[in-house]
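**Q** sequence plus predicted model, see below.
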Amino acid sequence: MTTAENTDGGTVPRARTIFLCLECGTSHERHMGRCPDCNTFNSLKEHRIATESARTKSRPVEERSTAVLIDQVEACEEDRIATGLIEVDRVLGGGLVPGSGMLISGEPGIGKSTLLLQIAQSISRQGKRFLYITGEESAAQVRLRSDRIGEAGNELWLHSECDLDSIEQQIGENHPAVVGIDSIQTVSWDEIPAGAGGVVQVREVTSRLLNLARKVGFPLLMVGHVTKDGSVAGPRTLEHMVDGVLQFEGERGHNLRILRALKNRFGSTDEVGIFEMRSDGLRQVDNPSGLLLSHRHSASPGSATAAVLEGTRPLLVEIQALVTPAAHGAPARKPSGIEAGRLSMLAAVLEKRLGIPLGGCDIHANAVGGVKLKGTAGDLALAAAILSSFHDRSLPRDVIFAGEVGLLGEVRPVPGTRQRLEEASRLGFHSACVAPGSLDGPGPEGMRIHETAELATLASRFVE
Ligand code: TYD
Ligand code: MG
């Protein structure tokens, strides 16, 4: 606030000039040609603000907060507003918490708007008012999409607006139970010098909206775009401000989508929600392994099935490898959905420990279905797929792999092996290849357990 008038306190807030960096959002006392924090040239812009002391002094005594005993603070779990979408509520930890701010982040085109709209529809169908603020699309576009993907219920309100003051006013008049904004990057506040979407703008706008949500007590859902490197315009700088960050992930060209809590003040960050993007919107998937394995090519050489964990949920993923003589001098390693470092490491271990001349081969490796393999539990399946492709011998169709491979070619147990094998058994796998000591007891009923201490055993048992 730079206004010289003050109606209630009587004191005149003193204004002060600072210089804000439009790249990284830091503020500086004087103008410089280059921001000392992010080293960008010509990024500092002048900005006038009311000084803190003037603001605090002018605050009436009754508005100041005081300390209270913890058991006198009113809060109960039942206040949560369930979205009604099981996969979303699971990730939230039961539902939206009044007064909280959640960020739904993800790359453009992944399905954030669709997800927000489906949450809005579902909440509105429960008779709770949802105010959907759209700055990206017109109200008519949202209406068309809404008709196509589901049923809106009676309490879904659309507001096509980018200006923060109008949005705040609308929230005040509409009395929504939940507010959703698509996207936070489109909201602008004309007192901030940067254009809509700039780091400073996004941060200030978010901070004001979070304050409002806290004061009025509605849950706020904000969509935020992240680019591939995660650096541009916003969401990363917002992560510490909001109560939770739900990341929506998937591969372009694939329909599997995973909602993951990167941060959640009101629940576990281990849970994931799994969806399939279809022509009529997102469908919740309660049997992701079945979906992923529905087109499995396990009879061909180069295919192995891994049992991985997404959060606490076991997921069976087909891993494919194609090993061919190197086309050009240096051998190529082309992973998709698999960490590049893991692939080169496994190729090197197979070469050194088993004497397989992969140094002269190109290797393509793929986690099928748009899954991104994280961690090391898929190592054993990837090694098996590479061996299978190299020897051109297919692996038995009904064996599941779960284990980490070390630099010495040793196979190590991975956490949650029992859970992984139970899922595999449920889906018709009759044998499992795991590290010795992975299970403290017998495996799932009817499943043969092949304990494999090193890659040499894997090779001799399955492919040679
Ligand atoms: P969208 O929710 O607009 O993504 P974001 O808000 O993250 O940018 O949806 C992205 C893509 O999803 C879009 O390119 C088309 C596809 N899509 C479907 O396949 N089916 C649908 O029902 C909808 C709404 C979108
Ligand atoms: Mg969108």
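**A** Sure, I can see it. Quantities reported herein were computed from a predicted structural model and do not represent experimental measurements. Ligands and ions are numbered 1, 2, ... in the order given.

**Q** next one: phi and psi at Glu23?
**A** Main-chain torsions, Glu23, degrees, to the nearest 10: phi -90, psi -50.

**Q** interface residues of the stretch 251-400 of the chain facing ligand 1?
**A** Within reach of ligand 1 by C-beta under 6 Å from any ligand atom, the stretch 251-400 of the chain has these residues: Met277, Ser279, Asp280, Gly281. Where you see a C-beta, it was placed from the backbone N, CA and C, and this is true even at glycine.

**Q** against ligand 1, how distant is the closest residue in space to Phe429 that isn't next to it in sequence?
**A** Setting aside the residues directly before and after it, Phe429 is nearest to Ile400 in space (C-beta to C-beta, 6 or more residues apart in numbering), at 4.4 Å. According to C-beta to the nearest ligand atom, to the nearest Å, Ile400 and ligand 1 sit 31 Å apart.

**Q** now for the helix or strand containing Ile400, which elements pack on it?
**A** Assessed by DSSP states H and E, Ile400 sits inside strand 399-402. For strand 399-402, the packing partners by 3 or more C-beta pairs under 8 Å, 6 or more residues apart in numbering; DSSP states H and E come out as strand 303-310, helix 379-391, helix 417-426, strand 431-434.

**Q** so in that sheet, which strands flank the last one, and in what orientation?
**A** The strands beside strand 431-434 in its sheet (DSSP bridges) come out as strand 399-402 (parallel), strand 448-451 (parallel).

**Q** in JSON lines, list the ones you listed along with mean neighbour count.
**A** Converted to JSON lines, the strands paired with strand 431-434 look like this (neighbours: other C-beta atoms under 10 Å):
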{"stretch": "strand 399-402", "mean neighbour count": "26"}
{"stretch": "strand 448-451", "mean neighbour count": "15"}
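
**Q** tabulate those strands (TSV), appending mean pLDDT.
**A** Shown next, in TSV, are the strands paired with strand 431-434 (pLDDT from 0 to 100):
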stretch	mean pLDDT
strand 399-402	96
strand 448-451	95
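
**Q** out of the ones you listed, which comes closest to Leu439?
**A** Closest approach to Leu439 among these (C-beta to C-beta): strand 448-451, 6.8 Å.

**Q** what's the first helix or strand after that closest one?
**A** Later in the chain than strand 448-451, the nearest helix or strand by DSSP H and E is helix 455-458.

**Q** in that following helix, which residues are buried?
**A** Of all the residues in helix 455-458, those buried under the rule 16 or more other C-beta atoms under 10 Å are Leu455, Thr457, Leu458.

**Q** same question for stretch 135-155.
**A** In stretch 135-155, counting by 16+ other C-beta under 10 Å, buried: Gly135, Glu136, Glu137, Val142, Arg145, Ser146, Ile149, Gly150, Ala152, Gly153, Glu155.
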